[in-house]
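Peer 1: This is a predicted model, with the sequence first.
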Amino acid sequence: MIGKISDIPRDVGIQKQLTDMHVKEWFESDVFHFRWWLLIFLVIAMLLIWWRLLDKSRIFEISLFAILSAIVFMGVHEYGEELVLWEYPTDLIPIFPPLSSFNLVGLPFAYSLVYQRFGRRKSFLCAAVITTAFICFLIEPLLSWGGFYCLLHWNYFFSAVIYFTVTVIVRAVIKRIYAIAKQAE
């Protein structure tokens, strides 16, 4: 039997209130406003560019890289917001996953294209450093300036360290998965 509302633990009740407030704020401040439409456009544009540049003969491998990256970046995104390190003022949808951040769409797509293009370890590392610098020191400041990303207790250098580390680890995991699959054949 399902318990009464009063049986809900206090912290769950607080979380529900916060979610209700977030949804209400989203309806009042985000949905159908200019930044919301621009965010939709950017997400669709990134998806189309990624699809156009994707090596379809390696679609499973590259998609796996993008998906694993997205999962890790989603965790980073949630930890950062939970710890009040940064905020994404505009959300496409008001509940998890918010799909608001560049982390959840742009980073996996960008780094998966780096993974696709630079197969050798050394060239991959160099390309990942350049991509990370471009994202952290040009794109993220532009997103901040445009009101899509707000640094609270964070800086772009910290993001660079995390993005590069995640990318290198995800590459290592993918390479290991494919090595195991090749041995099993």
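Peer 2: Good, I have the coordinates. Residues are numbered from 1 along each chain as shown.
Peer 1: next helix or strand past the worst-scoring helix or strand of the chain on mean pLDDT?
Peer 2: Lowest on mean pLDDT, DSSP states H and E among the helices and strands of the chain sits helix 10-25, with a mean of 84. Next along the chain after helix 10-25, taking DSSP states H and E as the criterion, comes helix 34-53.
Peer 1: Which other helices and strands does that following helix contact?
Peer 2: helix 102-117 (3 or more C-beta pairs under 8 Å, 6 or more residues apart in numbering; DSSP states H and E). Every C-beta, even on glycine, is put in place using the N, C-alpha and C of the backbone.
Peer 1: Could you export the helix it packs on as CSV, CA atoms only?
Peer 2: Taking C-alpha atoms only, helix 102-117 is exported to CSV below (Å, rounded to 0.1, in the frame of the first residue of the first chain):
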residue,chain,number,x,y,z
PHE,A,102,26.9,22.5,-23.7
ASN,A,103,28.3,19.6,-21.6
LEU,A,104,25.5,17.3,-22.4
VAL,A,105,25.4,17.8,-26.1
GLY,A,106,28.3,19.8,-27.5
LEU,A,107,31.2,18.2,-25.5
PRO,A,108,30.3,14.6,-26.5
PHE,A,109,29.9,15.5,-30.1
ALA,A,110,33.1,17.6,-30.3
TYR,A,111,35.2,15.0,-28.5
SER,A,112,33.8,12.1,-30.5
LEU,A,113,34.8,13.9,-33.7
VAL,A,114,38.3,14.3,-32.3
TYR,A,115,38.2,10.6,-31.4
GLN,A,116,37.1,9.7,-34.9
ARG,A,117,39.7,11.8,-36.7
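Peer 1: So which elements touch whatever helix or strand comes next after that helix?
Peer 2: Once the chain leaves helix 102-117, the next helix or strand it forms, by DSSP H and E, is helix 121-134. With contacts taken as 3+ C-beta pairs under 8 Å, 6+ apart, helix 121-134 sits against helix 102-117, helix 156-184.
Peer 1: Report the buried residues of whichever helix or strand comes after helix 121-134.
Peer 2: As assigned by DSSP H and E, the chain's next helix or strand after helix 121-134 is helix 140-145. Of the residues in helix 140-145, Glu140, Leu143 count as buried by neighbour count, 16 or more other C-beta atoms under 10 Å.
Peer 1: same thing with stretch 80-92?
Peer 2: Within stretch 80-92, judged by 16+ other C-beta under 10 Å, the buried ones are Gly80, Glu81, Leu85, Trp86, Tyr88, Thr90, Asp91, Leu92.
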